[in-house]
Structure formats: structure tokens, C-alpha cells
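Undergrad: Can you look at this prediction? I've put the sequence above it.
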Amino acid sequence: MPASASRQEPSAHRARGGADAPSARLSSDRRRRPDPSTRQVARGLGWFSLALGVTEVTCGDAIARWLGMPRAGALVRAYGVREIVQGAGILGAHDPTPWIWARVAGDGLDLATVLPGLTGDPRHRANTAVALGALAGVGVVDLLCARALSDAPLAPSEPVRADYRSRSGFPRGVAAMRGAARDVRPRDFTTPESLRAWS
């Protein structure tokens, strides 16, 4: 075989999927692999978000009056639509991490909206305090779940089985390796080195 053909063989071997192919197949993707309890909490938050969103959409005016903000009915309904979208995203996504962080941001927006009620109509301050307490509690759960999801290890990619069918075990080609050990004399392993003088 010509020497040029022998030199081209390694490059052709790499082109068929040599040393670099398995590392690409075994790389991690962007999805996280949280523990089962964190995943269960995330799904629970998704269902809670859907239920809260439906309640806010259907009872937005009543919630606004209960908080002492009768003109905020449309705003409460808009927040309900946001909750429904976030809940559907959490339940439908392979990785709910960004959707849980969206809930954390929504919690801050809700707190900022309800907080002025503490200085408003005295008849509704107790209701405002109850709402703020509930929002703060849910916000803590959202924040802890979001941090647990973000700290979870990356999940392995799906095609984890690399294809080695194109590998021959001869990196320089079969022709270059044929007869390479012809002049090598094997060592005598039958007698220990310290006893050879007495054999």
C-alpha cells in the first residue's frame, strides 16, 4: 500500500467519527436533574398556580374589594392570567426551573401591589395583612424550590451510548501496524531475574 494512503487513513478514521465523537455524545445538556422531593414540590406549585390563577380570573373584583382596592379588579384578573401561564409552564416543561423563578418574580410583584393597603382604609388592613402573610409564605416556598432546582446537577444527554463500530484498534492503520513487532524478542518470564544465574 502506498505511504500516502497510509497517512490518509487516520484522518479518514477521524472523519468517520473518531476520538472526538464520543465526547460530543456523552456531554451533558442544559436540563437539571433535581431530587424527587424537589420535583414534587415544583409540580405542587404548578397546580397551586393554576388554581390561584383561575380564582383570580373568576373572582378578581371580589378579591380587589376584600383588599380595599375596588378599582384593581382588572389588575387582579391580569395577575390570574399570569398565574395560569406559569402553572401550565411548570407542569408542561421538562425543566421547570425558569418557570419557578418566574413565580418568584411574580411574588415580588404581588407583594408590591398589596403592600400599600396597610396604609389605606383601616377597615381592610387586617385583610391586607393576611394577604401579605400568605404571599410571603408562598414566596419563601417558591424561592427555596427555585434555588434547589438551580443547584441540581445537570442531567446526562439522551444519546449516552457512543458508537465505536468505526474503530479498529489501530490508530495508524492496519498496514502500518503489520509486522511492527517482528524484531521484538519477548522476555523470558518463566525464570525470576534473581534466579537466572542459577538456572
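TA: Received the coordinates, thanks. Remember, it's a predicted structure, so these values are computed and weren't measured experimentally. Numbers count the residues shown, from 1 in each chain.

Undergrad: residue contacts, Glu83?
TA: 49-50, 52-53, 56, 106 (C-beta atoms under 8 Å, 6 or more residues apart in numbering). Using the backbone N, CA and C atoms, a C-beta is placed for each residue, glycine as well.

Undergrad: If you could redo that for Ile84, that was the one I meant.
TA: 49-50, 53-54, 57.

Undergrad: picking that back up, most surrounded residue in the contacts of Glu83?
TA: The most crowded member of the contacts of Glu83, judged by other C-beta atoms under 10 Å, is Ser49 (28 neighbours).

Undergrad: Might one say that that residue is in contact with Tyr79?
TA: No - under the criterion of C-beta atoms under 8 Å, Ser49 is not in contact with Tyr79, lying 10.9 Å apart.

Undergrad: By residue count, which helix of the chain is the longest?
TA: Ranked by residue count and defined by DSSP state H, the top helix of the chain is helix 125-151.

Undergrad: Give me the buried positions along it.
TA: Going by neighbour count (16 or more other C-beta atoms under 10 Å), the buried part of helix 125-151 is 127-128, 131-132, 135, 138-139, 141-143, 145-146, 148-149.

Undergrad: Nearest to Pro96 among the contacts of Ile84?
TA: Within the contacts of Ile84, the smallest distance to Pro96 is 10.7 Å, found for Ser49 (C-beta to C-beta).

Undergrad: For that closest one, give me its contacts.
TA: So Ser49 contacts 83-84, 86-87, 90, 103 (C-beta under 8 Å, 6+ apart).

Undergrad: can you rerun that using 6 Å?
TA: By C-beta atoms under 6 Å, 6 or more residues apart in numbering, Ser49 lies in contact with 83, 86-87.

Undergrad: roughly how far apart are the residue nearest to it when sequence neighbours are not counted and Arg103?
TA: In space, and not counting its chain neighbours, Ser49 is closest to Gly87: 3.3 Å by C-beta to C-beta, 6 or more residues apart in numbering. Gly87 sits 9 Å away from Arg103, going by C-beta to C-beta, to the nearest Å.
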